[in-house]
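Visitor: generate a structure from the sequence data that follows.
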Amino acid sequence: MKAGVLYGKQNLVYEEVEQPVPGPDDVLVRVKYTGICGSDIPRVNGDAAHYYPIILGHEFSGEVVETGENVTTLQPGDRVAGAPLLPCMECEQCQNGDYALCPYYSFVGSRRSGSFAEYVVIPEKNAVKFDASIPYWKGAFFEPITVALHGIRRLDFKPGASVAVLGVGNIGFFTMQWLKVLGAGHITVFDISDERLELAKRFGADECINTKVLDRLNEGGKERRFDFVYETAGNTATIKLTFELVKKKGAVCLIGTPTREITFSVDEWEKLNRKEFTLTGSWMSYSQDFPGEEWKETAKHIRSGDIQIDESLLFKIFPLSRIREAFELFRTPGAVKGKILIDSGK
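Guide: Predicted coordinates for the structure are as follows:
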């Protein structure tokens with residue numbers, strides 16, 4: 001089969017490799033589309049890969065073409081999205097259903113071969129079947145959509161609450177949509193891009209504020225603050241802003257992954273004490289009955305149309321043969337304005 005194989009920093013090669021063979025509990029998936037995740041970029045354009053050579057790619061959809069002898073829930077022709085986490089299922093965390101916290105986990109597309117290829121093998125339980133009415137390119141969005149829902153569930157979210165979402169990348173966009181599905185009372189979205197804010201407004205945000213202009217939060221001398229605050233950008237400025245925006249006794253979840261060291265002044269950090277707000281993080285998207293309700297709910301709500309995946313989220317679709325070119329775009333700051341998908345059928 002053909003695959004994009006990473007041999008080192010910025011050394012991504014489209015070449016022929018051996019096609020994987022499913023074991024008795026596995027399925028062989030003909031990959032249709034894979035999204036380039038933010039975590040893939042430093043692995044290709046930096047030195048963050050676990051080893052070389054490696055086939056990356058973990059946000060994928062495809063068609064089951066072969067099943068192992070023990071597989072009972074899937075058959076050739078089924079449309080599936082891949083849940084990339086491979087927990088050990090034996091440690092204390094796995095026994096508690098906290099699979100993402102497994103210290104011995106493996107992961108499709110970072111610790112073992114992934115979906116920047118024509119075919120990938122995954123365990124039966126990692127293949128999440130979805131309805132034929134959902135196009136394959138939308139199936140490649142399952143993983144980030146589940147990440148957004150898991151982050152919301154890290155807090156004791158209450159319907160009717162006021163909510164702030166910081167960042168309108170893919171995770172922020174889907175966090176906002178989930179909050180509407182779950183009955184948020186008022187959703188305010190923050191970003192530095194007016195274009196992204198317009199998209200958020202079109203898909204249901206009650207209010208959109210450019211973080212360069214925050215005076216709208218302090219009208220008439222009264223500060224407006226929020227019951228729940230979700231940070232999705234992993235940016236130092238927005239992480240610190242959550243401490244400002246949350247109400248006293250409110251709650252903050254940091255879903256975004258920072259890429260730089262963060263320091264807080266005493267005054268900044270003291271807000272955590274003086275407001276007595278809850279602060280937590282979120283890691284991946286898995287829960288009891290692996291891969292968990294996040295994945296089941298995603299398939300359900302995409303099918304119903306409650307969670308919308310719009311073509312305006314896409315920046316470009318590259319054929320697998322041009323995967324190197326796709327990653328080169330990320331070397332120019334600001335050049336990529338949306339999700340890039342890799343089409344393994346071309």
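
Visitor: can we go C-alpha only for contacts and neighbour counts from here?
Guide: Fine.

Visitor: for the most centrally placed residue in the chain, give me its contacts.
Guide: Against the mean C-alpha coordinate of the chain, by C-alpha atoms, centre = their mean, the closest residue is residue 144 at 2.5 Å. Shown in contact with residue 144 (C-alpha atoms under 8 Å, 6 or more residues apart in numbering): 59, 170-171, 174.

Visitor: pick out the most distant pair among the residues you listed.
Guide: 59 and 174 (14.9 Å; C-alpha to C-alpha).

Visitor: which regions of the stretch 201-346 of the chain sit below the pLDDT cut-off?
Guide: Applying pLDDT under 70 to the stretch 201-346 of the chain flags residues 215-216, 218-221.

Visitor: domains of the chain?
Guide: 2-145+285-343, 155-281 (automatic domain parsing).

Visitor: just give me the least confident of the contacts of residue 144.
Guide: Of all the contacts of residue 144, residue 170 carries the smallest pLDDT score, 90.

Visitor: what about residue 160, neighbour count?
Guide: 15 (other C-alpha atoms under 10 Å).

Visitor: by contact count, what packs against the helix or strand hosting residue 227?
Guide: Secondary structure assigned from DSSP states H and E places residue 227 in strand 226-231. Here strand 226-231 touches strand 162-166, helix 236-245, strand 246-254, going by 3 or more C-alpha pairs under 8 Å, 6 or more residues apart in numbering; DSSP states H and E.

Visitor: and it, which strands flank it?
Guide: strand 162-166 (parallel), strand 246-254 (parallel) (DSSP bridges).

Visitor: okay if I get these as JSON lines plus mean neighbour count and distance to residue 112?
Guide: Below are the strands paired with strand 226-231 laid out as JSON lines (neighbours: other C-alpha atoms under 10 Å; distance: least, C-alpha to C-alpha, whole Å):
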{"stretch": "strand 162-166", "mean neighbour count": "25", "distance to residue 112": "32"}
{"stretch": "strand 246-254", "mean neighbour count": "22", "distance to residue 112": "27"}
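
Visitor: can you pull the contacts of residue 10?
Guide: Per C-alpha under 8 Å, 6+ apart, neighbours of residue 10: 44-46.

Visitor: top of those by number of neighbours, please.
Guide: residue 44 (23 neighbours).

Visitor: ok, now which ones touch it?
Guide: By C-alpha under 8 Å, 6+ apart, the neighbours of residue 44 are 6, 8-12, 327.

Visitor: of the residues you listed, which belong to helices?
Guide: Members of these lying in helices (criterion: DSSP state H): residue 327.

Visitor: quick one: the helices in the stretch 201-346 of the chain?
Guide: Using DSSP state H, counting those that start in this stretch, the helices of the stretch 201-346 of the chain run over residues 236-245, 266-275, 293-304, 323-328.

Visitor: for residue 26, find the nearest of those helices.
Guide: helix 293-304 (18.6 Å).

Visitor: list the buried residues of the closest one.
Guide: 293-295, 298-299, 302-303 (16 or more other C-alpha atoms under 10 Å).

Visitor: return the closest of those residues with respect to residue 313.
Guide: When the buried residues of helix 293-304 are compared against residue 313 (criterion: C-alpha to C-alpha), the nearest one is residue 302, at 15.1 Å.

Visitor: isn't that closest one up against residue 295?
Guide: No - look at residue 302 against residue 295 with C-alpha atoms under 8 Å: they stay out of range, at 10.7 Å.

Visitor: ok, back up a step: the strand holding residue 227: how far from the chain's middle?
Guide: Distance of strand 226-231 from the chain centroid (C-alpha atoms, centre = their mean, to the nearest Å) equals 18 Å.

Visitor: angle of it against helix 236-245?
Guide: 170 degrees (axes from the mean of the first three to the mean of the last three C-alpha atoms, to 10 degrees).

Visitor: now do the strands in the stretch 101-250 of the chain.
Guide: 106-107, 119-123, 127-129, 162-166, 186-191, 207-210, 226-231, 246-254 (DSSP state E, counting those that start in this stretch).

Visitor: mind putting the helices of the stretch 201-346 of the chain into a markdown table with distance to residue 111?
Guide: Output for these, formatted as a markdown table (distance: least, C-alpha to C-alpha, whole Å):
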| stretch | distance to residue 111 |
| --- | --- |
| helix 236-245 | 28 |
| helix 266-275 | 36 |
| helix 293-304 | 22 |
| helix 323-328 | 20 |
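
Visitor: nearest to residue 106 among those would be which one?
Guide: So among those, helix 293-304 is nearest, using C-alpha to C-alpha, at 18.7 Å.

Visitor: touching the closest one from outside, list them.
Guide: Everything outside helix 293-304 that qualifies as a contact, by C-alpha under 8 Å, 6+ apart, is 128-131, 133-134, 142, 145-147, 149-150, 285-287, 307-309.
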